[in-house]
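> have a look at this prediction, sequence included:
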Amino acid sequence: MEHRHLLSPVALRGHTLRNRIVFGAHTNNMATGGLPGARTAGYLLERALGGAAMIVAEPVPVHRTGVLTRGNFLHGTDEVIPHFRKVTEPVKEAGAVILQQLYHIGAHGDSDLSFAPHWSPSGGPSYHDSDGSHKVTEAEIWELIDAHVAAAVRCKAAGFQGVEVWAAYHSLLDQFWTPWSNRRDDQWGGSLTNRTRMSRTIIERIRRECGEDFIIGLAVSTSDSQSVTLGVESLSEIVALHDATGHVDYVTCGHGGYLDFERLMPTFLFGEKLTAPVTEVLKGVVKHALVTSEAHVRTPENAESVIASGQADLVSIVRGQIADPHLARKTMEGRAEDVRGCISCNQMCWGRRSRDYWISCLINPSAGREWEWGGDRFTPAAIKRSVLVVGGGPAGLEAARVAAERGHGVELHEASAHLGGQFRLAAMQPRRGQIADLIGWYERQLAKLGVVVRLNSYLDEGEVAAHGAEVVIVATGSLPDGTGFQRWVPGEERLPGIDAGGVFSPEEVLRREARLGDTVVVYDEGGNWRGVGTAWALAEQGKKVIVVTPDAFVGKEIARTSADGPARGRLARAGAVMLTEHVITRWHGNGVTVRSMLDGAEQTLAASALVMATTNVAFDPLPEAIAGKVLHRIGDCAAPRQAPYAFHDGRKVGLAV
């Protein structure tokens, strides 16, 4: 009863949704040759098996001018129908309702992929690339309308029970709705009736062509970062106009858009339940449609509060169900504490999609591999073995959990007093407490699975050799380099002046082992949260922080997650100074000499301490082989990398032993 509102069924156009949890539309980029295959099917089926009530499949571009990714589904062809049937039928058999989103991005296209002009209402600029767009003619508007309707008919033939018409994030239809981007003076511009004519026509024709039992959803979004985008009052008026037709069965409201992309998939830098206040307003203007709240509805508790308070009828939890595909089922079974919570990092979901790969998840490496790894469900091992895991960081934790899930007897030894390794330290950076929650989840899961955990237990070669385990998984991690070596000063194996003292690693800073003084230079050559988050933490503590990086901008590696701009904003507001395209040539004990990578000019900056966020080195204290043991090396001890690859290694070896 703890989540009784969230778990209550609801009717939708003749279908009964088993709860209020939606796995909303997002580009997973898993198509091969434009067709859905085993990867797509496994990915969506896992969330249906996991209890989601409704799944909205990856959007299909309706027209050749709307192709946005290499993994987009083919547009304008019936060739996709039999392939989609292999996706839709298993999902429906698993108890979920399945729809597909129809989209066109209007001005914000990708010429590299479409090789076509971007079609838009008035020829405005793209906010996806540097191109302009083509102002559509009346004939082309009707071509786009026909394309939307044809795509919906194709969806019905493919077994989808409905479609979601995309008018969010300043997409094509939103561009028609918004006076700033719609400067037309014909029947498609000017008045509200004219600006909404295209979307209303599309929806009315889909209803006529696909029938009364076909679900039609409308995706909209809210943003207050720019004055030119639609405000809540205007959006409410538009939603009410569409609802009055009786053809729209639900409205889902997202956050952000092409003009403020960092809000679209909000990281931990943003608050939770971002659209709930707006969906509450929308609920007050609709008489027919259900209203869905999305954007950072991360947990079952978030979702229950949104539904119970009347702010929405449904909740779309996307990243939360990427991280734990069984979020809904665990909640239904009264096991919400077993849900593996999303940490809002965007590193492998949007981070991979932004590089045009298929998406995955930092903490759930089976995401995108369900078809080969069985999702987050584990087949018992044919032969039960005793397994020793050496190291309790991300790789070791996941290896121990998965091996135990498969029935092996597992013992984990961690040299420190806490589980989590260096990942635990990241939780000490501002707004990253979700990482600590994740480590707590591992502690609970290992206890439930009967894994023996021994802390403050450093094992040497003799102790490992004498241990009774048949299989040894070495997950001893990595250590800061300690020499001050910089990738972009390859001729200097050691930072000149490092022996003067006062030079620290981010790990030492976060463990509060560093005596820093008032002014700290943070040299960040990784461009990720190890450097950026540590600098932010110091700035928040009142230190004068100078971030020096060889990159063209601070946070280069987190740009793929859309968090770099907000992170730089936080640094700037905390008083940090950012010096880009520079390396350090010498530490003086009370300052650093830096050199421009552009013109070679040098300058000396006063500082009481230097923090070097450079590449770690593997820590592997055990020999290559130990007689009588099967050894596996995973995570940073194999090669220092970021956290997702440690979790991946742990899952992979846990499935293999």
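Cool, the structure landed. Numbers count the residues shown, from 1 in each chain.
> contacts, neighbours, all on C-alpha from now
Will do.
> domain map for the protein?
Domains of the chain are assigned by automatic domain parsing as 10-373, 386-479+618-656, 498-615.
> and the average pLDDT for the first one is what?
The one in question is domain 10-373. Mean pLDDT, domain 10-373: 97.
> list the contacts of Asp213.
Applying CA atoms under 8 Å, 6 or more residues apart in numbering, we find Asp213 in contact with 13-14.
> let's verify it: helix, strand, or coil?
Assigned with DSSP: H, G, I helix; E, B strand; the rest coil, Asp213 falls in the coil class.
> ditto for Thr379
Look at Thr379: counting by three-state DSSP, its state is coil.
> what helix or strand is the closest residue to Ala157 other than its chain neighbours on?
Spatial nearest neighbour of Ala157, chain neighbours left out: Ile81 (6.6 Å); criterion: CA to CA, 6 or more residues apart in numbering. Taking DSSP states H and E as the criterion, Ile81 maps to helix 81-93.
> chain center to that helix, what's the gap?
Between the centre of helix 81-93 and the centre of its chain there are 26 Å (CA atoms, centre = their mean, to the nearest Å).
> who are the packing partners of the very next helix or strand once past that helix?
Using DSSP H and E, the helix or strand that follows helix 81-93 in sequence is strand 97-103. Secondary-structure packing of strand 97-103 (3 or more CA pairs under 8 Å, 6 or more residues apart in numbering; DSSP states H and E): strand 54-61, helix 81-93, helix 138-157, strand 162-166.
> contacts for strand 97-103 next, please.
Contacts of strand 97-103 (CA under 8 Å, 6+ apart): 15, 17, 25, 53-62, 66, 88, 91-92, 148, 151-152, 155, 160-167, 171, 215.
> can you select the buried ones among these for me in PyMOL?
To isolate the buried members of the contacts of strand 97-103 in PyMOL, using 16 or more other CA atoms under 10 Å:
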select buried, resi 17+25+53+54+55+56+57+58+59+60+61+62+66+88+91+92+148+151+152+155+160+161+162+163+164+165+166+167+171+215
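> separation between the residue nearest to Ala559 when sequence neighbours are not counted and Ala572?
Leaving out its chain neighbours, the residue that sits closest to Ala559 by CA to CA, 6+ apart is Gly565, at 7.7 Å. The gap separating Gly565 from Ala572 is 10 Å, by CA to CA, to the nearest Å.
> same thing with Trp373?
Remark: distance between Trp373 and Ala572 (CA to CA) = 44 Å.
> neighbour count winner among these two?
The neighbour count for Trp373 versus Ala572, taken as other CA atoms under 10 Å, is higher for Trp373 (18 against 15).
> surely the more buried one and Pro365 touch.
No: contact criterion CA atoms under 8 Å: Trp373 and Pro365 do not qualify, at 9.5 Å.
> element containing the residue most central in space within the chain?
Geometric centre of the chain, nearest residue: Asn346, 3.0 Å, by CA atoms, centre = their mean. For Asn346, there is no helix or strand it lies in under DSSP H and E.
> that one and Glu262, how far apart?
Relative to Glu262, and taking CA to CA, Asn346 is found at 11 Å.
> tell me who's in contact with the residue nearest to the centre of the chain.
265, 267, 561-562.
> so which of those sit within strands?
Members of the contacts of Asn346 lying in strands (criterion: DSSP state E): none.
> picking that back up, mutual contacts of Asn346 and Glu262, please.
Listed as contacting both Asn346 and Glu262 by CA under 8 Å, 6+ apart are Ser562.
> for stretch 100-112, C-alpha coordinates in CSV please.
What follows is stretch 100-112, C-alpha atoms only, in CSV (Å, rounded to 0.1, in the frame of the first residue of the first chain):
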residue,chain,number,x,y,z
GLN,A,100,5.5,4.4,-31.0
GLN,A,101,6.5,8.0,-31.1
LEU,A,102,6.3,9.9,-34.4
TYR,A,103,8.8,12.7,-34.8
HIS,A,104,10.2,15.4,-37.0
ILE,A,105,12.8,17.9,-35.6
GLY,A,106,12.0,20.7,-38.0
ALA,A,107,14.8,23.2,-38.2
HIS,A,108,17.0,21.3,-35.8
GLY,A,109,18.1,18.5,-38.2
ASP,A,110,21.4,16.8,-38.9
SER,A,111,22.6,17.3,-42.5
ASP,A,112,25.4,14.7,-42.1
